[in-house]
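Chemist: quick one: sequence and predicted model below, then my questions.
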Amino acid sequence: MKKLHLYILAALLTASGLGLFIYKTAYLGFPMAPKAEVEVWTLQVRFTVDARTGPVKATLQLPSRPPSYTILDEDFVSRGFGLSTREGSESREVEWAIRRAEGQQSLYYRVQVTANKERGLDPDPAPALQPAEPALEEPFRTAVATVVAEARTHSADDTSLAAELLRRLNDPSPNENVDLLLSGGRSPGSRARVGETLLRAAGIPTRIAFGLELQDQQRYAVFTPWLEVYDGKRWVYFDPTSGRSGLPKDVFIWWRGDRPLISVLGASNPEVQISVSGSFAEALEIAERRVGLGGSRVVEFSLLKMPLQTQAVFRVLLLVPIGAFFMVLLRTVIGIRTFGTFMPVLIALTFRETRLLGGLALFVLVVGIGLGVRFYLERLRLLLVPRLASVLIIVVLILAAISILSHRLELETGLSVALFPLVIMTMAIERLSIVWEERGAMEAVREGTGTLLVAALAYLVMSLDRVQHLVFVFPELLLVVLAATLLLGRYSGYRLLELRRFRALAER
Amino acid sequence: MLSLRRRLNERGVLGLNRRNAEYISLHNPRRRFPLVDDKLLTKEIAIAAGMAVPELYGVLERQHDIHDLPAMVADHKQFVIKPAHGSGGNGILVITGRRGARHQKSSGEWLEQSDLDHHVSSALSGLYSLGGRPDRVMVEYCVDCDPVFESVSYQGVPDIRVIVFHGYPVMSMLRLPTRASDGKANLHQGAVGVGVDLSTGTTVGGVQGNDPIQEHPDTDQPIAGLSIPCWDHILELAGRACEITGLGYVGVDVVLDRTRGPLILELNARPGLNIQIANRRGLRARLETVHGVAGRGASLADRLRFVRERFAHG
């Protein structure tokens, strides 16, 4: 029963740890690798108008709930203009206004966007009530009705009806009704409008959306029209010039509806220049910003929001469980003998500050000298605590001496000795000397080597960039480590080294 | 490697992990540990139960008490200084002779009174206790080794370790001091472990470290075929260890004194596993056999009869 309980607990811990981890990586885009980068696009609209000495008002459509993209940041730059943004259910716009302007005026809008990892994150609100079927004049009215009726017989549902209508619209040899409808023009924009008319006439919620293909270093980017068709659950995109459904990943939908990108009152010669540039930013930072914008609580309650000094402490602290788990593994599964239970992990932490080889050398040197002094002190017949204190004082002096010496010799290792290793070295010397005295030099060397070996291995694991990154960005993974440790707590099989120890018993 | 694992399993060899998880933690209640971890307490409960132990000459509890040491041992040329919480034989000082103010260690080395004082002082301040906690030091009777072991021991006193599970002795071994172990009967320190046939009290082959051996490394005498005197009495002493301590799985260390017979030296709540190598037998198989019959209220005599029948070397 107790074992079942343990298994359930471990399964729960693993599930919650991994669940949160997967949610954060797959949906929120937290990077699994350190220094992972994501592409961030900077889109800029620059437009100039010639003001006619009087009030000027300019309206620009802004990106509103772009599918598959998140807006990280936006800026409005203008000189002397007042600024107001309005947000509707399907659109968002900014209005620049100035009472008096003269000559050429430049206005800028800059937005930074990044692709979402998952499309499913975008909620698709049900469309507002569609405007009544467009009032059309004959003969267009009949042509629309005929085309829709014909297409309806060749389709099963709204999506296939939409596809069928667009196919007919783009037929290289269109029938006369389609020909009539396209008489107003055959540009992508016109096709999109006709398509919208047809789909609305068929009773399918449809709107035109304008998208920008994101490619690096475009100085004069152009918008292409897309048809957004609501299939009852979500908006499906159709290319009005080919009838293909689906929105390519690199298309950023800017605005929707019939309004032009820019409308200007009180000025002439509006000129618009749209530029696109891509850059790479640290994935972690972008994920944080995106999740923050999305209103998720995950980032608020994450270590990433702590003050930097605290973060630095936790970067080290969160590695301790990894080292401890490693210890458990080496002790209960392999069976390596070490001084104390967690001394190797502590030693491994001191290696973080000195690097491995330097740390090992320093450790052996200091502990070696310390041990000699300890044995000398033994002859003075000191009480335990004063003796420990004397060893501590001597370790400090040794460290100081090594630091000065290595500074003189222009070696770096010695200088990086921090406060923390001090206590550990003193303890190590005391433990080592007791084992030495009680169980002999062999045992002391064996346990000392085991300790250093485990410490070095633990250090190597703990110093992996990926491990550091994973535990810091996803501390929930420690729940999985905890689950594994709990399971190892009930491991009752032989230790690896026991197989060697008891090998005589396996013989006949 | 997997086949080695399988063979060990088949032969019922107990590993450390299983010992800790299934025997110590399940059968030994934690709050009973102090009874065996503190040798002074063990001695008290053993005396209360009427079991034979080495006579206690005195207890030193504070640094100040060190002055009492010479008076305490004035009448005894031979005595043992033992920290109450020392583990694995650490901190035990055996004095076997005296000349003037100087004491002779069992190794023959001579110690000044100040050496003795320092040793006691270190022990009192916790040098030998787990976690360095201040300790008490006991001064007790130095066991006079039964002559039967003379040919196979180096300096110190051999002892007999019996592992007892719920009142049933399951395995036993004779531990012989060597030069390497500095006269201590502790396997960690290099003493020789010799398997003992539980039904007859006769020794079989031995082990030093993890290696099987047939002769004592210092005296070169064969270690198999020795018949341990008072075997019935030893098993009886061991068989009662569970009831006085409340521990289900316990190692009982018995010494054989020339004049006083078997004496309980100490108990151990975490007995080591090398006894298996010494006996060439797995403990787990025997523990499981006992587990099947334990707790039925069998009398000591019945329990001993049971183990002598079932656990004979054959």
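Modeler: Done, it's in.

Chemist: so what does the helix or strand hosting residue A:404 touch, helix or strand wise?
Modeler: Using DSSP states H and E, the element containing residue A:404 is helix A:384-408. Applying 3 or more C-beta pairs under 8 Å, 6 or more residues apart in numbering or on different chains; DSSP states H and E, we find helix A:384-408 packed against helix A:356-379, helix A:419-462. Bear in mind the C-beta positions are built from the backbone N, C-alpha and C, glycine included.

Chemist: now it against helix A:356-379, angle please.
Modeler: 140 degrees (axes from the mean of the first three to the mean of the last three C-alpha atoms, to 10 degrees).

Chemist: buried stuff in helix A:384-408?
Modeler: By 16 or more other C-beta atoms under 10 Å in any protein chain shown, the buried positions in helix A:384-408 come out as A:384, A:387-388, A:390-392, A:394-395, A:398-399, A:402-403, A:406.

Chemist: pick the most buried one from the helices and strands packed on helix A:384-408.
Modeler: Scoring the helices and strands packed on helix A:384-408 by mean neighbour count under mean count of other C-beta atoms under 10 Å in any protein chain shown gives helix A:419-462 as the most buried, with a mean of 19.

Chemist: please pull out the lowest mean pLDDT helix or strand from chain B.
Modeler: strand B:211-213 (a mean of 83; mean pLDDT, DSSP states H and E).

Chemist: quick one, what contacts the closest residue to residue A:49 other than its chain neighbours?
Modeler: Nearest residue to residue A:49, sequence neighbours excluded (C-beta to C-beta, 6 or more residues apart in numbering or on different chains): residue A:267, at 3.7 Å. Listed by C-beta atoms under 8 Å, 6 or more residues apart in numbering or on different chains, the contact set of residue A:267 reads A:49, A:50, A:51, A:52, A:56, A:58, A:101, A:105.

Chemist: what is residue A:267 paired to in the beta sheet?
Modeler: Bridge pairing for residue A:267 (DSSP bridges) gives the partners residue A:51.

Chemist: I'd like the distance between it and chain B.
Modeler: 83 Å (C-beta to the nearest C-beta, to the nearest Å).

Chemist: mind checking how far that residue is from residue A:105?
Modeler: 7 Å (C-beta to C-beta, to the nearest Å).

Chemist: from one end of stretch A:349-360 to the other, what's the distance?
Modeler: 12 Å (C-alpha to C-alpha, to the nearest Å).

Chemist: wait, isn't residue A:21 in contact with residue A:477?
Modeler: Yes: distance between residue A:21 and residue A:477: 5.8 Å, which falls inside the contact criterion (C-beta atoms under 8 Å).

Chemist: chain B is nearest to which of the helices and strands packed on helix A:384-408?
Modeler: helix A:419-462 (4.8 Å; C-beta to the nearest C-beta).

Chemist: centre of the chain versus the helix or strand following the closest one, how much separation?
Modeler: On the C-terminal side of helix A:419-462, the nearest following helix or strand under DSSP H and E is helix A:465-473. The chain centroid and the centroid of helix A:465-473 are separated by 13 Å under C-alpha atoms, centre = their mean, to the nearest Å.

Chemist: which elements pack onto the helix or strand that helix A:465-473 is followed by?
Modeler: Next along the chain after helix A:465-473, taking DSSP H and E as the criterion, comes helix A:477-489. Here helix A:477-489 touches helix A:2-22, helix A:319-328, helix A:465-473, going by 3+ C-beta pairs under 8 Å, 6+ apart.

Chemist: dump those into JSON lines; add mean pLDDT as well.
Modeler: Shown next, in JSON lines, are these (pLDDT from 0 to 100):
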{"stretch": "helix A:2-22", "mean pLDDT": "90"}
{"stretch": "helix A:319-328", "mean pLDDT": "88"}
{"stretch": "helix A:465-473", "mean pLDDT": "86"}
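
Chemist: contact residues of the stretch 201-314 of chain B facing chain A?
Modeler: B:207, B:210, B:211, B:212, B:273, B:276, B:277, B:280, B:281, B:282 (C-beta under 8 Å from any C-beta of the partner chain).

Chemist: right, and the helix or strand after the helix-or-strand element of chain A with minimal mean pLDDT?
Modeler: The weakest-scoring helix or strand in chain A, judged by mean pLDDT, DSSP H and E, is helix A:297-300 (a mean of 65). Using DSSP H and E, the next helix or strand after helix A:297-300 towards the C-terminus is helix A:308-317.

Chemist: list the contacts of that following helix.
Modeler: Contacts of helix A:308-317 (C-beta under 8 Å, 6+ apart): A:303, A:304, A:306, A:349, A:352, A:468, A:472.

Chemist: that one: how far from the chain's middle?
Modeler: 20 Å.

Chemist: what parts of the stretch 201-350 of chain A come near chain B?
Modeler: A:332, A:335.

Chemist: which residue does the stretch 201-350 of chain A bring closest to chain B?
Modeler: For the stretch 201-350 of chain A, C-beta to the nearest C-beta, closest residue to chain B: residue A:332, 5.8 Å.
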